[in-house]
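Participant: coordinates for the following, if possible.
(one chain, ligands or ions: 1)
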Amino acid sequence: MCGIIGRVGDGSAIEPLLTGLENLEYRGYDSAGIAVQNGSGIDIEKRSGKVEELKESIGDPPRGEVGIGHTRWSTHGPPTDANAHPHTDESTDVAVVHNGIIENYVELKERLAANGYEFTSDTDTEVIPHLIQYYLDAGFDSERAFRHAISELEGSYAVTAMVSGEHVLYAARQGSPLVVGMEDGEYFLASDVPAFLEYTDSVVYLEDGDVVLVDEDGVEFTDLEGNPVTRTPETVEWDPEQAGKGEYDHFMLKEIHEQPTSLAQALEGRIDTRNGRIALSDFEPGTFDDVESVQFIACGTSYHAALYGSLGLNQAGVQSTALLANEYSVAAPPVDDDTLVIAVTQSGETADTLNALRQATAEGARTLTVTNVVGSTAAREADDALFIRAGPEIGVAATKTFSSQAVMLTLLCQRIAADRQGEPPADLESLLPAVESMPSALDEVLESSDAAAIARQYDDSQSYFFIGRGLGFPVALEGALKFKEITYEHAEGFASGELKHGPLALVTPETPVFAVFTGQEDEKTLKNAEEAQTRGAPVIAVCPDDHAAVAVADEHLSIPATESELAGLLANVQLQLVSYHAADLLDRPIDKPRNLAKSVTVE
Ligand code: F6R
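Facilitator: Here you go, the predicted model:
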């Protein structure tokens, strides 16, 4: 996700830049840096680690009035000092901070390297200062050099740049947020309002395609070609304390609502609907030719994503199994070098998952991790890594990372099946457009959800059951886990066909049953739901509006119609919202549930 800040005004820029970075740390915290104009050049201070560590490491702070800063959440390259922003050209004439992904950075880097420009980091961002320098070297003034460089970028970006000796910041937005803060004589650019809320509440949210020039006299709003555009400042009425959560009461709710954006970011450049291909650039076609079987290892919510991947892989014709990482040492099936072991872990630091990963490595398996944290132990220790690019998740209960894990695993599994079978799975053609529209389908769920009313309606129940079949089963397990961890109420998830093999004994009018329909043998799930309903349990169907279950169920939570590989993930968002609202009614500490930690680094 990354956070960027820029400041122009009177007096030292250091304090507002560092305050801005601290306020943006919820957007990323694996490295941080600042660049400040010092009168004769640009001073850079940057390092891996948190903003606090950057602050401690700055001895004699640079004194300029104009500067930029960045707090990073890695997407390209591990969180090292060299990969920290700001990035510069070789002579530090240009400094740049960036949030987003430059999809064509490899081509740009090759072209610039062929022209003698030397790169020192693994990041996509570093092409931007070199590209600006390339145009400066060609005789363009700074503004035109910036515009030319921006016009060559493909992908998503919020960029802020400065050129040595100038009291100006140049910025551009395409697909990643960027907001301008305005106070008499002092101006800010940032990824989000909390960065500068201590200094001003007058803001302009930039739009895609905007390019702005900021100096101490004001802000010039233009399009890429330099034509003026009108942007009107508005006043934000947030308390700085609350601002990291924006308009939301809890990080969990914010993160639930971030899912359309975080998933779009995960998918960026990874599907090619026009040519019917999955474009996971780290894995060339044929990468998985030799894989005979796949074992997924994970814990908690990540285990549910792993189970989702494993069931999808089985359905695509490849033998696979999902195992709880903490059971792996006693229950691992045999592995050899044709076995691919996939560790699914948001943090990349879960001790149980790392132990299982190490065991699989020691026994000769090929390993891959699916994780959110680029520099994490799992990413470093596995043979390969697939990053889910969800941005930092602050709420202890995983939400947006589950959705991104499950979608990325769905794509990865299709790639594995295609390599194994020598041709893409038959339904890939219809799946890819559905994957592409997932962010807007998630938006639809979030905008029209009745989850708050359902949570209220059943708030004095005794126990909450969640059922699903096929890909609906891991969603049922995840629905129940989310419910129990933040409400502290009893909740259980079952394969819908299992209900009659024992759990039905618990069913009463006090046990609402949430039934997830994904299009995989839904008539059987409906029958199982009716078996509970006959015993008095209210049934809440999570399905599209025109589904047969709507007429049978007591209540309905609506999801847009989509492919069966994805329907459960839309249903999951409805269940996340039910859990959230139920916990809110009970006044639970939603972001920090009792006894739980975000990253479990003990066995
Ligand atoms: C539940 C939750 C946990 C984690 C589990 C594994 O909401 O977040 O169950 O999924 O502790 O953590 P990671 O994914 O970091 O390995």
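
Participant: walk me through the domains of the chain.
Facilitator: 3-238, 244-436, 442-603 (automatic domain parsing).

Participant: how far does the shortest one stretch from start to finish?
Facilitator: Read it as domain 442-603. Distance across domain 442-603, first residue to last, is 35 Å (Cα to Cα, to the nearest Å).

Participant: kindly report the same for the second one.
Facilitator: End-to-end span of domain 244-436 (Cα to Cα): 29 Å.

Participant: just checking, L17 is part of a helix?
Facilitator: Yes. Read with DSSP: H, G, I helix; E, B strand; the rest coil, L17 is one of the residues of a helix.

Participant: just checking, it touches I34?
Facilitator: Yes. With contact defined as Cβ atoms under 8 Å, L17 reaches I34; the gap is 5.0 Å. Every C-beta, even on glycine, is put in place using the N, C-alpha and C of the backbone.

Participant: who touches both of the two?
Facilitator: G67, I68, G69 (Cβ atoms under 8 Å, 6 or more residues apart in numbering).

Participant: out of those residues, flag the one nearest to D338.
Facilitator: Among those, G69 lies closest to D338 (Cβ to Cβ), at 48.0 Å.

Participant: nearest residue to R144 in space, please, no chain neighbours.
Facilitator: Y135 (6.9 Å; Cβ to Cβ, 6 or more residues apart in numbering).

Participant: just say helix, strand or coil for that neighbour.
Facilitator: Applying three-state DSSP: Y135 is helix.

Participant: run through the residues that contact it.
Facilitator: R144, A145, H148, A149.

Participant: separation between the second one and the ligand?
Facilitator: It stands for A145. 43 Å (Cβ to the nearest ligand atom, to the nearest Å).

Participant: what sits against that residue?
Facilitator: By Cβ under 8 Å, 6+ apart, the neighbours of A145 are I132, Q133, Y134, Y135, L136, A138, V163.

Participant: how about the secondary structure of it?
Facilitator: helix.

Participant: per-residue pLDDT, the spatially closest residue to it that is not a sequence neighbour?
Facilitator: Nearest non-adjacent residue to A145, counting by Cβ to Cβ, 6+ apart: Y135, 3.6 Å away. As predicted, Y135 sits at a pLDDT of 98.

Participant: what's the answer for E565, then?
Facilitator: 96.

Participant: what about the chain, any weak spots by pLDDT?
Facilitator: In the predicted model of the chain, residues 238-243 satisfy pLDDT under 70.

Participant: which residue does it have closest to the ligand?
Facilitator: G300 (1.9 Å; Cβ to the nearest ligand atom).

Participant: for the nearest residue to that residue once chain neighbours are set aside, what are its contacts?
Facilitator: Leaving aside its chain neighbours, G300 sits nearest to L481 (6.8 Å; criterion: Cβ to Cβ, 6+ apart). By Cβ under 8 Å, 6+ apart, the contact set of L481 is G300, T301, H304, A491, G493.

Participant: the third one reaches F402, doesn't it?
Facilitator: Yes. With contact defined as Cβ under 8 Å, H304 counts as touching F402 (6.9 Å).

Participant: shared neighbours, the two?
Facilitator: E478.

Participant: any idea which element the most centrally placed residue in the chain lies in?
Facilitator: By Cα atoms, centre = their mean, the chain has its centre lying nearest to A390, at 1.0 Å. In this assignment (DSSP states H and E), A390 forms part of neither any helix nor any strand.

Participant: list the contacts of it.
Facilitator: Per Cβ under 8 Å, 6+ apart, neighbours of A390: S262, Q265, A266, Q346, N372, K400, T401, S404.

Participant: T562 now?
Facilitator: Per Cβ under 8 Å, 6+ apart, neighbours of T562: A434, S437, M438, A441, L570.

Participant: quick one, phi psi at the second one?
Facilitator: The one in question is S437. Main-chain torsions, S437, degrees, to the nearest 10: phi -90, psi 10.

Participant: can you check the first one too?
Facilitator: Torsion angles at A434 (phi, psi; degrees, to the nearest 10) stand at phi -70, psi -40.

Participant: also the last one?
Facilitator: Backbone torsions of L570, given as degrees, to the nearest 10, read phi -70, psi -40.

Participant: relative to L431, how far out is it?
Facilitator: Going from L570 to L431 by Cβ to Cβ, to the nearest Å gives 14 Å.

Participant: one more: the third one?
Facilitator: M438 sits 11 Å away from L431, taking Cβ to Cβ as the criterion.

Participant: what's the overlap in contacts for these two?
Facilitator: In contact with both M438 and L431: L566, using Cβ under 8 Å, 6+ apart.

Participant: correct me, but I102 touches V127?
Facilitator: Yes. Shown here, I102 and V127 form a contact pair, counting by Cβ under 8 Å, at 6.3 Å.

Participant: which of these two has more neighbours?
Facilitator: Legend: neighbour count by other Cβ atoms under 10 Å for I102 and V127, higher for V127 (29 against 26).

Participant: ok, and the closest non-adjacent residue to the more buried one?
Facilitator: Nearest to V127 is L108, by Cβ to Cβ, 6+ apart, at 4.3 Å.

Participant: buried stuff in the helix or strand containing the one you found?
Facilitator: In the assignment (DSSP H and E), L108 maps to helix 105-114. Within helix 105-114, the residues that count as buried by 16 or more other Cβ atoms under 10 Å are Y105, L108, K109, R111, L112.

Participant: in TSV: these, plus distance to V330.
Facilitator: Below are these laid out as TSV (distance: Cβ to Cβ, whole Å):
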residue	distance to V330
Y105	45
L108	50
K109	47
R111	54
L112	53
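
Participant: of these, closest to A322?
Facilitator: Y105 (34.7 Å).
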